[in-house]
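*Asks:* Kindly generate the corresponding structure for this input.
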Amino acid sequence: MAWWNRLFKKKEPIQQEEDWEQLVYTRNGVNFDEEDQRKRYIVNCLEQIAEASKEIDLLTGEYTLVTSYLTDTDEIEALPAEQREEVNRVAGKLAGLEQERSRYREKKNRMRDADFYAIRKRENEIEEGIQKIRDGEKYGNLIRQDLHRLDGERHAYEYRRNELENLMNNQRGMAVIFLTALIVCVIMLVILQYAFEMDVYVGLFLAVGAGAVAISYVCIRYMDAGRELQRVEKTINKIIQLQNKVKIRYVNNCQLMEYLYLKYNTDSAAKLEKQWKMYQDEKEERKQFAEAEAKIEYYQKQLVQQLAGYRVQMPERWISQTAALLDKREMVEIRHELIQRRQVLRKQMDYNQEVAESARNEVKDIAATYPKYAQEILAMVERYDR
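*Replies:* Just a heads-up that it's a prediction; the model follows:
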């Protein structure tokens, strides 16, 4: 009944984008007794661990930075009333000067203050951010193309696998038919010879020859289909392994883009680049306000010195966040944004940890399933750990 089930089994659907985050470990078509296949499968798992670990290392620094921002908000909120009043006094002076400059800008068609200060907060990293987002968008499109192509190839090979299984089933049936027909012909010829004393040697020779040729032809096609089926199974397994690698990159890229869009308050590199050019023009116009800028710089230094004395790790950040120092609602908004960014980073770190753990478990399971190769697998793991 096995061949009957294979004949009528359902085809596996092509994976959609929402399924790309799910890794698939399959050992179908992998012969672990063959060194090349065994090593290739283990190396694939180890490469997944290495890539996930690399991503975790890159994310840890940004996660620490965002956490330090949150710690600063706690330190400022916990200041005694007298110290907080002094901070608010300086912040109020700075905010007043900013308002004067804003009133001048409103007289002309200028860049919105919210956009200007949002970019100003990250002025030193905007160009790098634009390039990162542009590269991420380009890389994401390439990954999607690769995943669509791999899905198409996998579907094509699975379709071919079903064709080969059907072909093998048909060849088995034809072999049975030819053999039955040959036996019936031989029996009839024997009956004609002995019952009717007819000379049937030529007919017997032709029947046996034709049957042998037909059965040989069917057997050759059956064996060719079997060999091709093995090759197709191996190819499907290789595609699945490659999909796993690309899926990891797809998820990491999606989560990175989600974080960058949130960090730079944009939805595309083109939009951010347009805002950046507007900002540069605006900045050039504001050079004429040298006196106001000098006063702003003075109070900024005062604010930084004050906050630095209160265990604030990054006092420079609060130069552009005076509204948050004066208004608790603004401070709540900043904390909400930082918590969101940290959640995105944590989600990405957890995913990569899960990827690494899944790959490790797969390697451990293979070592347990094939204990005679455990030492070899352990040696490969130790080489990658170096």
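*Asks:* per-residue confidence at the nearest residue to Gly203 once chain neighbours are set aside?
*Replies:* Distance criterion C-beta to C-beta, 6 or more residues apart in numbering; nearest residue to Gly203, sequence neighbours excluded, is Leu189 at 5.4 Å. Any C-beta I mention is one placed from the backbone N, CA and C, and that applies to glycine too. Looking at Leu189, its pLDDT reads 70.
*Asks:* give me the element Leu189 is part of.
*Replies:* helix 123-196 (DSSP states H and E).
*Asks:* immediately after that helix, which helix or strand?
*Replies:* That would be, after helix 123-196 and using DSSP H and E, helix 201-264.
*Asks:* counting contacts, what elements does that next one pack onto?
*Replies:* helix 35-77, helix 123-196, helix 328-369 (3 or more C-beta pairs under 8 Å, 6 or more residues apart in numbering; DSSP states H and E).
*Asks:* Of all the ones you listed, which one is nearest Tyr384?
*Replies:* helix 35-77 (4.5 Å; C-beta to C-beta).
*Asks:* the inter-axis angle of the closest one versus helix 328-369?
*Replies:* Here the directions of helix 35-77 and helix 328-369 differ by 160 degrees (axes from the mean of the first three to the mean of the last three C-alpha atoms, to 10 degrees).
*Asks:* ok so, going back, reformat the helices and strands packed on helix 201-264 as JSON lines; add mean neighbour count and distance to Ile220.
*Replies:* Below are the helices and strands packed on helix 201-264 laid out as JSON lines (neighbours: other C-beta atoms under 10 Å; distance: least, C-beta to C-beta, whole Å):
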{"stretch": "helix 35-77", "mean neighbour count": "16", "distance to Ile220": "27"}
{"stretch": "helix 123-196", "mean neighbour count": "15", "distance to Ile220": "9"}
{"stretch": "helix 328-369", "mean neighbour count": "16", "distance to Ile220": "36"}
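*Asks:* picking up where we left off before, and the helix holding Leu189, what does it pack onto?
*Replies:* helix 2-8, helix 201-264, helix 269-285.
*Asks:* how distant is that helix from the center of its chain?
*Replies:* 27 Å (C-alpha atoms, centre = their mean, to the nearest Å).
*Asks:* what's the angle from that helix to helix 269-285?
*Replies:* 170 degrees.
*Asks:* quick one, helix 123-196 and helix 201-264 angle?
*Replies:* Angle, helix 123-196 to helix 201-264, by the same axes, to 10 degrees: 170 degrees.
*Asks:* Show me the protein divided up by domain.
*Replies:* The record's domain split for the chain, according to automatic domain parsing, is 44-109+288-386, 125-267.
*Asks:* In TSV: those domains, plus distance to Glu282.
*Replies:* Shown next, in TSV, are the domains of the chain (distance: least, C-beta to C-beta, whole Å):
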stretch	distance to Glu282
domain 44-109+288-386	8
domain 125-267	13
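*Asks:* how about those, which one is nearest Asp115?
*Replies:* Nearest of the domains of the chain to Asp115, taken as C-beta to C-beta: domain 125-267 at 8.6 Å.
*Asks:* Tell me where the model's unsure across the stretch 1-150 of the chain.
*Replies:* By pLDDT under 70, the weakly predicted segments of the stretch 1-150 of the chain are 1-26, 105, 107-109.
*Asks:* Swap in 80 and give it another go.
*Replies:* Counting by pLDDT under 80, the stretch 1-150 of the chain has low-confidence residues at 1-33, 35, 100-118.
*Asks:* looking at the helices and strands packed on helix 123-196, which is closest to Lys372?
*Replies:* Closest to Lys372 of those is helix 201-264 (C-beta to C-beta; 21.6 Å).
*Asks:* isn't Gly134 right up against Lys271?
*Replies:* Just so we're on the same page, residue 134 is Arg rather than Gly. No: between Arg134 and Lys271 there is no contact under C-beta atoms under 8 Å: 11.4 Å.
*Asks:* Assess the claim that Arg342 and Leu65 are in contact.
*Replies:* No: contact criterion C-beta under 8 Å: Arg342 and Leu65 do not qualify, at 9.8 Å.
*Asks:* count of neighbours near Gln300?
*Replies:* For Gln300, the number of neighbouring residues by other C-beta atoms under 10 Å comes to 19.
*Asks:* Mind exporting the C-alpha coordinates of stretch 75-86 to CSV?
*Replies:* The C-alpha coordinates for stretch 75-86 follow below in CSV (Å, rounded to 0.1, in the frame of the first residue of the first chain):
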residue,chain,number,x,y,z
GLU,A,75,18.1,59.1,37.6
ILE,A,76,16.5,62.5,36.5
GLU,A,77,13.1,61.6,37.9
ALA,A,78,14.7,60.6,41.2
LEU,A,79,16.5,63.9,41.7
PRO,A,80,15.7,65.8,44.9
ALA,A,81,13.4,68.8,44.6
GLU,A,82,16.2,71.4,44.9
GLN,A,83,18.5,69.8,42.4
ARG,A,84,15.6,69.2,40.0
GLU,A,85,14.5,72.9,40.3
GLU,A,86,18.0,74.0,39.3
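*Asks:* For the remainder of this discussion, apply numbering that starts at 36.
*Replies:* Renumbered: residue one is now 36, and that last one reads stretch 110-121.
*Asks:* Can you give me the buried ones in it?
*Replies:* Neighbour counts over stretch 110-121 (16 or more other C-beta atoms under 10 Å) mark Ile111, Leu114, Arg119 as buried.
*Asks:* tell me the SS of the second one?
*Replies:* So that's Leu114. What DSSP: H, G, I helix; E, B strand; the rest coil gives for Leu114 is coil.
*Asks:* Angles on the backbone of the spatially closest residue to it that is not a sequence neighbour, please.
*Replies:* Spatial nearest neighbour of Leu114, chain neighbours left out: Tyr345 (6.0 Å); criterion: C-beta to C-beta, 6+ apart. Dihedral pair for Tyr345: phi -110, psi 30, per degrees, to the nearest 10.
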